[in-house]
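[1] Following is a predicted model, sequence given first.
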Amino acid sequence: MRYYLRRAAFYAITVWAAISLNFLIPRLMPGDPADIMLAKMARSGEVAPGVERTIRLLLGSDTNQTPWEQYVAYWGSLLRGDLGVSVTKFPTPVTELISAALPWSIGLLGLATVISFVLGIAAGAWIGWRRGTWVDHIIPGSTLLQSLPYFWVALLLVYGFAVVNPWFPRIGGYDVFTFDGPEATAEFVGSVIYHGVLPALTVVLSSFGGWLLGMRNMMVSTLSEDYITTAEAKGLRRSRILIGYAVRNAALPSIAGFGISLAFVVTGAIVMEQVFTYPGLGKLMITAVQGNDFALMQGLFLVITLTVLAATFLMDIVYGFVDPRTRLNG
Amino acid sequence: MTTPVLTAQGVSIEYRTTPVVRAVRDVSLTLHRGEILGLAGESGCGKTTFAYGLTRLLKSPAVLTSGEVVFHDRVGGDVDVAALDGDALRAFRWDKVSMVFQGAMNSLNPVITVRAQIDDVLTTHRPGMPRAERAERAAELLRLVGVDPGRLDSYAHQLSGGMRQRVMIAMALALNPQVMIMDEPTTALDVVVQREILREIMRLREQFGFAVVFITHDLPLLLEISDRIAVMLDGEIVELDTAENIYERPQHAYTQRLLESFPSLTGERGGFVRTGAPAGSPSTADITVEGTV
């Protein structure tokens, strides 16, 4: 129990530091991001004093306040869920934009990452278990796929399965001509899955080779461990040796790696989402950067930081559970 | 004590590499019920390979090229070990012949508890055994080897080297095997723990009457504990005799050299060579200590 409390305390401090940095960095930048943003907003109409104040609070250019007051106010608006207003999509609040994009990224990339992990681990375990047979020839192929650039695979898939053979849609997260917005119907879910196939395939194809290779190598070295020989001498069933002794130990490094890759799901596969014009966080990020949309960028960084931390925290707990050595030695 | 329990006849084992390594050459050996048979020899002489051959644990590229291994079961006649396959081989292992391995430190699975590992043996070989009985058996086994049953829920990394080896011995006892093959069971341990464990093994053997094949490069150790000793050189058994005869009258030059290579307690090399010397000379002290165990 103390282990988990210690981890929780560690993460609480990290979250505080991350949010404080998020507050500090725009204030350390030369120039005044708030002025740039306000100038941009003024182009599309008059800026309400409330909005101006929020932006100045958020970005720290409210000169009437001491830094400490700004910091307190920043935390205040953060806790109220107020991340300011986007300039590129004026006057939509940043929270609204992010919460609209977040499910798309998590849904698509989260699922694709999990599929890729499970597929890679299962195939790696199998190839490692049957090492020295013809299955070893699968490895170079999967490694080749792994080394291809993401976006190039995406472009090839679009060309092959959306342009030449129009089996799948080219862009979007759902059929925008049929549906006005996300709705809870079977047709809509079907449309989302249909639109998600190519993007998900891109992610799976270009990442599962890494899991496979890592798992296969760990399998091979685990199988030469003494406890595997012991398990064999004990007369255990092959399935029990495979699952309980070999895979259980060989998967440990991959599980640690999985936590990290899960954390990066939220950053969105920026390029992939751009290729497919997928309405996720990656695309939102590009919009923010192109439009000098500081509030949106800041909000995105915050969400990304928090999710990375949450995912690592989760994996820390899971890892302590699967590997007793990390749990009890602290 | 002259009924055989395990007979190996003309066993040869090769490593099919280039060039082919003939690790075990035409070894014949009979293990009698309840005896301790020492198998001595330098590193790489084929001791472990031979032991793995006895239990069919050889992994490619090692191949048993010829010979037969017959297990004479207490009930139900002879078993041709070399012909066993699949489930029959699985059922034979550990139930009739269990093993304690060289790598005391790594023989336990690091991520599951001692209880789960003992349980694995019981659920596989005694499928009908109720949970409560398995738990009772596991606790009993640890008590037998002098480990607190509270350690059942420990993981390997929480145990000392000596404890791990005790747990391995407890596990080897789980099914009341008739033969236990011990491959350098005490090599990784310091001499004090080594002594305790050996004493434990002798006591348990007394209690349960299993036969032991004790493999080590430590010939003086074997002289203490074994009934008979086989000396192995380059995959062949060059001498096989009672411990006393090996000690007093080593026939083969290699056995003599092995004995010579251990210094006596008083320091001079070759103190172990007894050929012709009358009993009671100064250096007998260091080997008679455990004579009463």
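    Thanks, I have the structure now.

[2] what about the one residue in the stretch 51-200 of chain A that gets nearest to chain B, how many residues close to it?
    Nearest to chain B in the stretch 51-200 of chain A, going by Cβ to the nearest Cβ, is A:G132, at a distance of 7.4 Å. (C-beta placed from N, C-alpha, C; glycine too.) A:G132 has 9 neighbours, counted by other Cβ atoms under 10 Å in any protein chain shown.

[3] tell me which element it is part of?
    Per DSSP states H and E, A:G132 falls between elements, in no helix or strand.

[4] ok, now which ones touch whichever residue of the stretch 151-293 of chain B sits closest to chain A?
    Closest to chain A within the stretch 151-293 of chain B is B:Y155: 4.5 Å, counting by Cβ to the nearest Cβ. B:Y155 sits next to A:324-325, A:328, B:110-114 when contact means Cβ atoms under 8 Å, 6 or more residues apart in numbering or on different chains.

[5] Can you get me the start-to-end distance on stretch A:261-272?
    In terms of Cα to Cα, to the nearest Å, the two terminal residues of stretch A:261-272 are separated by 16 Å.

[6] circling back: got the contact list for the residue of the stretch 51-200 of chain A closest to chain B?
    By Cβ under 8 Å, 6+ apart, the residues touching A:G132 are B:S60.

[7] Now do the phi/psi pair for it.
    Backbone torsions of A:G132, given as degrees, to the nearest 10, read phi 80, psi 0.

[8] before we move on, what about A:Q146?
    With angles defined as degrees, to the nearest 10, A:Q146 sits at phi -60, psi -40.

[9] What is the neighbour count of it?
    A:Q146 has 17 neighbours, counted by other Cβ under 10 Å.

[10] Spatially nearest residue to it (excluding sequence neighbours)?
    Distances taken as Cβ to Cβ, 6 or more residues apart in numbering or on different chains put A:G209 closest to A:Q146, at 3.2 Å, once the chain neighbours are dropped.

[11] right, and the one you found touches A:L145 too?
    Yes. The criterion here is Cβ atoms under 8 Å, and A:G209 meets it with A:L145 at 5.0 Å.

[12] Let me see the contact set for the spatially most central residue of chain A.
    With distances taken as Cα atoms, centre = their mean, A:V265 lies nearest the centre of chain A, 1.2 Å away. For A:V265, the contacting residues are A:105-106, A:109-110, A:113, A:307, A:311, by Cβ under 8 Å, 6+ apart.

[13] A:V220 too?
    A:128, A:131 are the contacts of A:V220 under Cβ under 8 Å, 6+ apart.

[14] Quickly note the distance from it to chain B.
    13 Å (Cβ to the nearest Cβ, to the nearest Å).

[15] Identify each buried residue in the helix or strand harbouring that residue, please.
    Element membership for A:V220 (DSSP H and E) is helix A:186-223. Under the neighbour-count criterion of 16 or more other Cβ atoms under 10 Å in any protein chain shown, helix A:186-223 has A:188, A:191-192, A:195-196, A:198-220, A:222-223 buried.

[16] Could you list every helix and strand in contact with the helix or strand following it?
    Counting by DSSP H and E, the element after helix A:186-223 in chain order, helix or strand, is helix A:226-233. Counting contacts by 3 or more Cβ pairs under 8 Å, 6 or more residues apart in numbering or on different chains; DSSP states H and E, helix A:226-233 is packed against strand B:97-100.

[17] quick check, the strand it packs on touching chain A?
    Yes. Strand B:97-100 is in contact with chain A by Cβ under 8 Å from any Cβ of the partner chain, via B:98-99.

[18] mind checking the SS state of B:V5?
    Put simply, B:V5 is strand when judged by DSSP: H, G, I helix; E, B strand; the rest coil.

[19] Which residue is the nearest non-sequential neighbour of it?
    Nearest non-adjacent residue to B:V5, counting by Cβ to Cβ, 6+ apart: B:R33, 4.6 Å away.

[20] Then A:S86?
    A:L296 (4.6 Å).

[21] wait, what's in contact with the residue nearest to A:Q146?
    A:G209 touches A:120, A:142-147, counting by Cβ under 8 Å, 6+ apart.

[22] Among those, name the ones in helices.
    Residues of the contacts of A:G209 located in helices (DSSP state H): A:120, A:142-147.

[23] Wait, A:Y174 touches A:T185, no?
    No. The criterion here is Cβ under 8 Å, and A:Y174 misses it with A:T185 at 11.0 Å.

[24] Between these two, which is the more surrounded one?
    Neighbours were counted for A:Y174 and for A:T185 using other Cβ under 10 Å; A:Y174 has more, 23 against 10.

[25] Check whether the more buried one sits in a helix, strand or coil.
    Applying three-state DSSP: A:Y174 is coil.

[26] Please state the offset of the helix or strand containing A:L309 from the chain centre?
    Per DSSP H and E: A:L309 is located in helix A:294-322. Helix A:294-322 sits 9 Å away from the centroid of its parent chain (Cα atoms, centre = their mean, to the nearest Å).

[27] next one: stretch A:95-110
    The answer for stretch A:95-110 is 10 Å, by Cα atoms, centre = their mean.
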